[in-house]
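Trainee: The following block contains a protein sequence and its predicted model.
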Amino acid sequence: MTHGAVHEPVDSPAHGPAGPDAPVKAPPWDPTPSWGEHRVLARLEVADRVVAEYADGTGAPAFDSPRPHLHPVRTPGGVVVTDAAPRDHTWHVGLGVGVQDVAGSNLWGGRTYVRDDGYTWRHDHGAVRHDAWPLEEPSLRVEALTWLDAQGAPVLTETRTLRWGPAGALAAGTGWQLELTTVLTLAPGRTEPVALGSPGSNGRVGGGYGGFFWRLPACLDVDVRTPLGRGEEAVHGSRPSQGAAWVAWSARSRPAAEPEPLTSASGIPLGGVFGRDGFGRVGAGGAIEVAGFADGTASGVGDGLVSVPGPAGEAARAAATEHPADGDFTVALAPARGQAADDPWFVRVADYPGLGSAWAWEHPAVVEPGQPFTRGLRCLVADGRLTDGEVAAALLGTAAAAQGTRAGGPSVGPRSARSARSARSARPTADAPPTPQEQPR
């Protein structure tokens, strides 16, 4: 391993840099958006514990490009390792699939990156629709979905497979694995190829995000690495096929704030709870009503209350209704199907916590007639800070770990000899992030 020098600890915030535009990025045609409840389509269980929920995404506004996703995802010990609709990017939703440019429609959410113009609000948002579960088994689901353009017309059909179970290479009860596979084909009646693009393929250097994406919660002492390097700068853009066979993120979850008295941005007592990144109260139907944010900015509607999502809402809801576990955790990814081994890793640490496998880093990927587009990831979720050897054994198997990378393999994850946890006193962390103007939107 050539991970280089140990770095100073780096924390990854839930909301990005504070500022006058910090509350919620909303389009000019919907300045006070609202978010509803998603429908839970499935609950994933390992050893009689619910470790993830799969939601349909229909509670999101249109500019978030609603789509199915996994959230919350938990370790066996109960540490939540996803975030959904944080106020810095409300279209970031747990673990799932999103692409910013699908034949001209935005199925990622938020502003669209336009060549020579940068990020621009456009009426171009589509959605991904859950259609059916053709196969349902205790540790396996096969889903039929349709990708819709901005006019609601079908563009692509998708078969998504979720297969999960214990991480056999780890000590019992400390980790679990998910294999997430997608197969895209042209929607019935379409005969022309469909391009899958990104800000990177539209001219933004290093901004090729889109494909598989994992939005993590606010974290402390982040250590992101591959077999080739450690830190945000070293990991971002590295490829499995060139030796970065897996990417791992070890950190400590940031404890949620204790409930505190609620006041509006101008100091009017309202009664409610204070979330980690915003204050508000639980209104009718469970909606989170927020009047201001922890950084001192107001909601933009005086002392009126607006429904907002993300840490401002999620944290308030959590403070009022549940107490998720805090602690060290590790999540890791490795390619599993199709051409995923050639897709670069996308990573953000200092601006916000996120991992991804990018389908269109510099050039569009293309779904051709009669040629299914297949991608797959093997995901590891574990309590504690795993060693590199434990990550490689769980995701790749002993032989593959020695050889570097592979694109195929068992459905859930290779089963090798259980490995003992070793001391993890050193916590190397990430390098400095890109400049704020280069952060993805």
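Mentor: Done, it's in.

Trainee: Where does pLDDT dip in the protein?
Mentor: For the chain, the stretches flagged by pLDDT under 70 are 1-9, 14-23, 255-324, 398-441.

Trainee: Against residue 94, how distant is residue 391?
Mentor: Counting by CB to CB, to the nearest Å, the gap from residue 391 to residue 94 is 21 Å. In short, each C-beta sits where N, CA and C put it, glycine included.

Trainee: if you count what's nearby, which of those two comes out ahead?
Mentor: Set residue 391 next to residue 94 and count neighbours by other CB atoms under 10 Å: residue 391 wins out with 29 against 25.

Trainee: neighbours around residue 27, how many?
Mentor: Look at residue 27: counted by other CB under 10 Å, it has 16 neighbours.

Trainee: ditto for residue 117
Mentor: 10.

Trainee: now do residue 135
Mentor: 12.

Trainee: Equivalent analysis for the one 4 residues further on, please.
Mentor: Neighbours of residue 139 under the rule other CB under 10 Å: 15.

Trainee: Surely it and residue 166 touch.
Mentor: No - taking contacts as CB atoms under 8 Å, residue 139 lies outside contact range of residue 166: 9.7 Å.

Trainee: didn't residue 353 look like it was pressed against residue 220?
Mentor: No - counting by CB under 8 Å, residue 353 does not reach residue 220; the two are 10.5 Å apart.

Trainee: Now do the shared contacts for those two.
Mentor: Residues touching both residue 353 and residue 220 (CB atoms under 8 Å, 6 or more residues apart in numbering) are residue 251.

Trainee: more crowded one of those two?
Mentor: residue 353 (28 against 17).

Trainee: Quickly note the distance from the more buried one to residue 26.
Mentor: Taking CB to CB, one finds residue 353 at 22 Å from residue 26.

Trainee: again, but for residue 61
Mentor: In terms of CB to CB, residue 61 sits 8 Å off from residue 26.

Trainee: okay, and the common contacts of the two?
Mentor: Taking CB under 8 Å, 6+ apart as the contact rule, residue 61 and residue 26 both touch residue 33.

Trainee: what sits in contact with each of residue 139 and residue 166?
Mentor: By CB under 8 Å, 6+ apart, no residue touches both residue 139 and residue 166.

Trainee: So which bits of stretch 383-402 are buried?
Mentor: Of all the residues in stretch 383-402, those buried under the rule 16 or more other CB atoms under 10 Å are 383-388, 390-397, 400-401.

Trainee: again but with stretch 111-125, I slipped
Mentor: 111, 112, 113, 114, 119, 121, 124, 125.

Trainee: Also stretch 243-257?
Mentor: For stretch 243-257, by 16+ other CB under 10 Å, it's 244-254, 256-257.

Trainee: And stretch 329-347, by the same measure?
Mentor: 329-338, 340-341, 343-347.

Trainee: mind listing the helices for the protein?
Mentor: For the chain, the helices defined by DSSP state H occupy 232-235, 310-321, 388-403.

Trainee: Pretty sure residue 226 sits against residue 242.
Mentor: No - counting by CB under 8 Å, residue 226 stays clear of residue 242, with 10.0 Å between them.

Trainee: who has more neighbours, these two?
Mentor: Higher neighbour count among residue 226 and residue 242: residue 226, with 26 against 14, using other CB under 10 Å.

Trainee: which non-adjacent residue is nearest that one?
Mentor: Distances taken as CB to CB, 6 or more residues apart in numbering put residue 244 closest to residue 226, at 3.8 Å, once the chain neighbours are dropped.

Trainee: Let me see the contact set for that neighbour.
Mentor: Residues near residue 244 by CB under 8 Å, 6+ apart: 226, 227, 228, 229, 235, 238, 345, 405.

Trainee: How much space separates the fourth one from residue 250?
Mentor: Translated: residue 229. Using CB to CB, we find residue 229 at a distance of 15 Å from residue 250.

Trainee: What of the third one?
Mentor: Using CB to CB, one obtains 17 Å as the distance from residue 228 to residue 250.

Trainee: just to revisit the earlier point, mind listing which of the buried residues of stretch 111-125 are in strands?
Mentor: Using DSSP state E, 112, 113, 114, 119 are the members of the buried residues of stretch 111-125 that sit in strands.

Trainee: Tell me the one among the residues you listed nearest to residue 362.
Mentor: residue 113 (13.3 Å; CB to CB).

Trainee: Could you tell me which residues make contact with the closest one?
Mentor: 100, 119, 120, 198, 199, 202, 203, 204, 207, 441.

Trainee: Lovely, talk soon.
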